[in-house]
Structure formats: C-alpha cells, structure tokens
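# Let me see the structure of the following:
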Amino acid sequence: MKKKLKIRGIKQRWILRSLTFSLAIVLVAVITYLLSIANSYYGGMQSSLESRAVVNAGYFSKYVLTNYDDYYNSARRFALDFKDNDRLELQFLDAEGRVEVSSARQTVGFSPRTGDIHEAIISKNVISWMGIDPQTGEYVLSVSAPLFYKGQEVVGVMRYVTSLSEANLRILIALIGSVSVGILVTALIVSTNLFFISSIIGPIHEINSIAKKITDGSLGARIEKKYDDEIGELADTINNMSSELAGYERMKNDFIYSVSHELRTPLTAIAGWGEVLLAADVSDIRKGVRIILKESARLNKLVEDLLDFTKVESGRMVMLMEPFDLVSELEEVVFMHMDSLSGNGITLNYEPPAESPEIIGDRSRIRQVFLNIINNAAKHGGDGGRIDVSLKAGEREIAVTFRDYGQGIAADELPLVKRKFYRGSTKARGTGIGLAVSDEIINMHDGRIEITSELGQGAAVTIYLPLKMGAE
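Below is the predicted model:
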C-alpha cells in the first residue's frame, strides 16, 4: 500500500508548489532556448552548406567537368583550389558512393556509408545528413550534391563534411549559461516566496496564539492589526468576536447574579414568613399566606422563563398552532392586570378595536408574550404612571402596541434590549431572558417585535403578527 506524502504547514506546501511550478517554467524556458540555439547553429550551417553545394556542384558540372572520362582529374584540380580545409572537407565520390578525391587526402578510397550519398544519387537532389561519422566517430554534418555530365547522367557526388564539435561546444556553453540563469531565477523566486509567505505565516501564528488564549478563557484578548488586507480583516473579525464573547461572558455573569438574586428574594420571604406563621396569631396568617403565594408565583414565573429559555437555546420549543381570537386573549391579559397595576399606581388604558381578527398561532405562547411585555412595561416604565395598550389590524398584519411613559431606553441600548441576558442600565430586577424568549416566540409565528423609545419619554413595544399565517 502506497503511503501518501504528508506535508504539514502552509509554508511547506507553498514552497513545494511554488518550487515545482517555478522549476517547470524554468525547464520549459531552458529547453525552448536550447532548441532555438541548436536550430540556429545547425540550421544555419546546414543551409549554408546546402547553398554552397548547389552553387559549386552546378559550376563543376558545367565548367570544370570537360568529359566523362576526365572526372577524376577535374575533381582533383577543383580540390587543390579548395581554401577552407580548416573548417570543411571537400570530397568527390563516384557513382557507387566511394571517395575518389578529398581535400583532406586521407579519406580517399573508402565509402562513408551515410544516408545522404546514395539518396542524392537516386533523387538527383542535394541531400543533408547529420550524425555520428562511422569512420571517425565524430558528430558531423554532411551535404551531398549530385554531379551531372551534360546535365543528365550522374557521374559522381560532391560532398561537404564539417565537424559539429564547435557548434556543440557553443550549445553546451549556452546550456550551462541557461541552466545557471534558471537556477538563479528559481532561487530568486523561492527566496521571494519565502519572504512573502513569512509575512503571512507570522501574523497567522499570532492570530492562532490569540485565538487559543480566547479558547482558554481570556475573553476580550485582542490582536494587533498590522495590515489593511485579508489578514487585517481576519484580525478585525477575531477582535470583534473576542469583544462579543467578552460581552456575552459579562451578561452571563450578570444573568447568574440576577437569577441568584431573584431566587434568593422570594425564598427569603417564604422562609421568613414560614417562621412567622409558626408563631403567629390568626390575623397574621392571611397576610403571610398571601406573601408566600406571591413569592411562590414569582419563583414559578422565573422557573418557566428558564425552561422556555433552554427550549429556545436547544431548538426544542414547539408551537401548537390553532385558530384563535387575538383580541379576546389580549383583553384577558389587560383586564387581569388592571387591578394589580392600579394598586401600584399605574393606570392601564385599553381601547377595544372595532374588529376582532382571528389568527393561527399558539394561544398560550402569544398570551405569554403579552404578559411578559406588560410586566416589563410596569417594571421599567411604571414610574410614568401609565401604560397604553392598542391593537390595529391592517391588510396583511396585526399590530399590538404597549406604550409606557417611564424613563425610556438610551439610543445605544435600544439595539441590544432583545439580546439574551441583557439588562441594560436599569436598576429594575430581572433576568434579561424574558424579552429574548418573547422575540423568539413571535419569530416562530412569522412576526416581529419592534421597540422605539426616547430617553425620558418612555418606550413603545409593538408586536406584528401576520393575519393569514397558516392559511395555506
């Protein structure tokens, strides 16, 4: 079974891929360059020799070769006048492909056995050949041109032979130069990539370190932003997340404190009045029982809010949808609270609507939302001495508004009041989960809760519910 090569780390993967890509490009460039150099040298030499062979073979056939039997003497005289022995060898071969005359002299009397000779005789054209010379073992270029007697009969071949050693040396030098340049370019690319990737890896390590600190509980830890790019955006995102988590941590601690306080107050009252009742006369019993019942109701409400909150958080809250009269549910809540609010100096005003719209929803959950919002209005805005409740039906939705005239909500706190655990700057008691649960209930009815307020002018909470929800 083959083991897959594992390369860990962005830096290693980046360098490997960059190096592979760079080497591929450099290799292609070097090969292309060498092919062009080789083609330039070999092609230039071949073209030059072919042109020379055509001209000299034509001249020899027309002006030097006087008769058929004097071919050898004519070739010998032509070879004696050859001036390029240092670079070329001029050969005259007979019609069988054997060397009769050579400017180098030592090659006379043998057959070169290269493909250009016989092909030139047969095709009667100038033919080139490049390869290893069978006699000398040297890499050579040869060009053979047929010689004609009276322009018709082939009596022999004029052949030019040159060594390609110098061309090969120049190509080798070009190869060494191009490879050196390729290595230099590759090294430059790798070093540039190392510098670039290091500028990325460094901030990532720092971000990773801060993220681990946040995971370990150092909420609020921040990353120093050094770049206005994607790394900087990531730092901003993590800083914002850290701040949000720190805020939620504070709200959680406030929530735990407020829940503890909310539990302790009624429990203290119940325990205290329990002790009083043990030693009380009949006149104090009724008062004590009322207080115990009141505080027990507070405990029960707190427990219900906590249970609803856990259902919301776990996604287990289920709505029991059915048609019901929204006005009748609202009026029950209003009339149930009128006397108790009046006893606390708060007037609850309610004007019945002209219509009594019916919606499809969870009757008990909508009632729970109404109760929670009226209690919030009394708790946080009761110092205004008045709460107005109204219901208006539009074409597509119903708006139920609860308006108080208390101290209101600061503009910077207004977007936060529906967050879980948020209690704001108010001194009123509460857990900070009631409105969050109410908002979730209304959202599950495809509705929404909107809150408007001006500091010192009270606040208005409006619940919007669709008229035809669930009719499809």
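# that's a helix at Ser128, yeah?
No. The assignment for Ser128 (DSSP: H, G, I helix; E, B strand; the rest coil) gives strand, which keeps it out of a helix.
# What's the separation between the closest residue to Gly182 other than its chain neighbours and Met158?
Once flanking residues are discounted, Gly182 sits nearest to Val26: 3.9 Å by Cβ to Cβ, 6 or more residues apart in numbering. For every residue, glycine as well, the C-beta is placed using N, CA and C. Val26 sits 45 Å away from Met158, going by Cβ to Cβ, to the nearest Å.
# These two: which is more packed in?
Met158 (28 against 19; other Cβ atoms under 10 Å).
# Does that one touch Ile127 like I think?
No. Applying Cβ atoms under 8 Å, one finds Met158 not in contact with Ile127, separated by 11.7 Å.
# does the nearest residue to Asp388 once chain neighbours are set aside count as helix, strand or coil?
Counting by Cβ to Cβ, 6+ apart, Arg403 is the residue found nearest to Asp388 once chain neighbours are left out, at 4.3 Å. Classification of Arg403 by three-state DSSP places it in strand.
# Contacts only, for Arg403.
By Cβ atoms under 8 Å, 6 or more residues apart in numbering, the contact list for Arg403 reads 377, 387-390, 458-461.
# What of Pro352?
Per Cβ under 8 Å, 6+ apart, neighbours of Pro352: 327, 331.
# helix or strand for it, which one?
Pro352 is part of no helix or strand, with elements assigned from DSSP states H and E.
# So what does it have for phi and psi?
Dihedral pair for Pro352: phi -60, psi 140, per degrees, to the nearest 10.
# Roughly how far does it sit from Thr114?
In terms of Cβ to Cβ, Pro352 sits 118 Å off from Thr114.
# what do you get for Ala399?
Taken as Cβ to Cβ, the span from Ala399 to Thr114 is 103 Å.
# try Asn56
Distance of Asn56 to Thr114, computed by Cβ to Cβ: 19 Å.
# So between those two, which is more surrounded?
Thr114 (22 against 18).
# Now do the residue nearest to that one when sequence neighbours are not counted, the pLDDT please.
Leaving aside its sequence neighbours, Thr114 sits nearest to Trp129 (Cβ to Cβ, 6+ apart; 5.0 Å). Here the pLDDT value assigned to Trp129 is 92.
# Ser18 falls within a helix, correct?
Yes. Assigned with three-state DSSP, Ser18 falls within a helix.
# mind checking how far it is from Leu194?
9 Å.
# before we move on, the earlier item: shared neighbours, Met158 and Ile127?
Common neighbours of Met158 and Ile127 (Cβ under 8 Å, 6+ apart) are Ser144.
# Contact partners for Lys83?
By Cβ under 8 Å, 6+ apart, Lys83 has no neighbours at all.
# Look up the pLDDT of it for me, please.
Note on Lys83: pLDDT of 83.
# Assign a three-state SS to Thr452, would you?
Assignment for Thr452 (three-state DSSP): strand.
# okay but Asn239 is in contact with Ile214, surely?
No. In this structure Asn239 lies outside contact range of Ile214 using Cβ under 8 Å: 10.0 Å.
# what residues do the two have in common as contacts?
In contact with both Asn239 and Ile214: no residue, using Cβ under 8 Å, 6+ apart.
# quick one: low-confidence parts of the stretch 201-350 of the chain?
Scanning the stretch 201-350 of the chain for pLDDT under 70 picks out the ranges 216-221, 225, 227-230, 246-295, 297-303, 305-314.
# Strands of the protein, start to end?
89-94, 99-102, 127-132, 139-149, 153-163, 322-325, 347-350, 358-361, 386-393, 397-404, 448-453, 459-466 (DSSP state E).
# Next, the buried residues of the third one.
Yep, that's strand 127-132 we're talking about. 127-129 (16 or more other Cβ atoms under 10 Å).
# got it, and the fifth one?
By neighbour count, with 16+ other Cβ under 10 Å as the criterion, the buried positions of strand 153-163 are 154-163.
# again, but for the last one
When burial is assessed from 16+ other Cβ under 10 Å, strand 459-466 yields the following buried residues: 459-466.
# And for the fourth one?
Of the residues in strand 139-149, those buried by neighbour count under the rule 16+ other Cβ under 10 Å are 140-148.
# First-to-last residue distance for stretch 98-113?
9 Å (Cα to Cα, to the nearest Å).
# Same question for stretch 59-67.
14 Å.
# Low-confidence bits of the stretch 51-200 of the chain, can you list those?
66, 68, 105-107, 151.
# So which residues of it form helices?
71-80, 115-123, 165-215 (DSSP state H, counting those that start in this stretch).
# Now the ones you listed in a markdown table, please, with extra columns for mean neighbour count and distance to Gln91.
Output for those, formatted as a markdown table (neighbours: other Cβ atoms under 10 Å; distance: least, Cβ to Cβ, whole Å):
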| stretch | mean neighbour count | distance to Gln91 |
| --- | --- | --- |
| helix 71-80 | 17 | 8 |
| helix 115-123 | 18 | 9 |
| helix 165-215 | 14 | 19 |
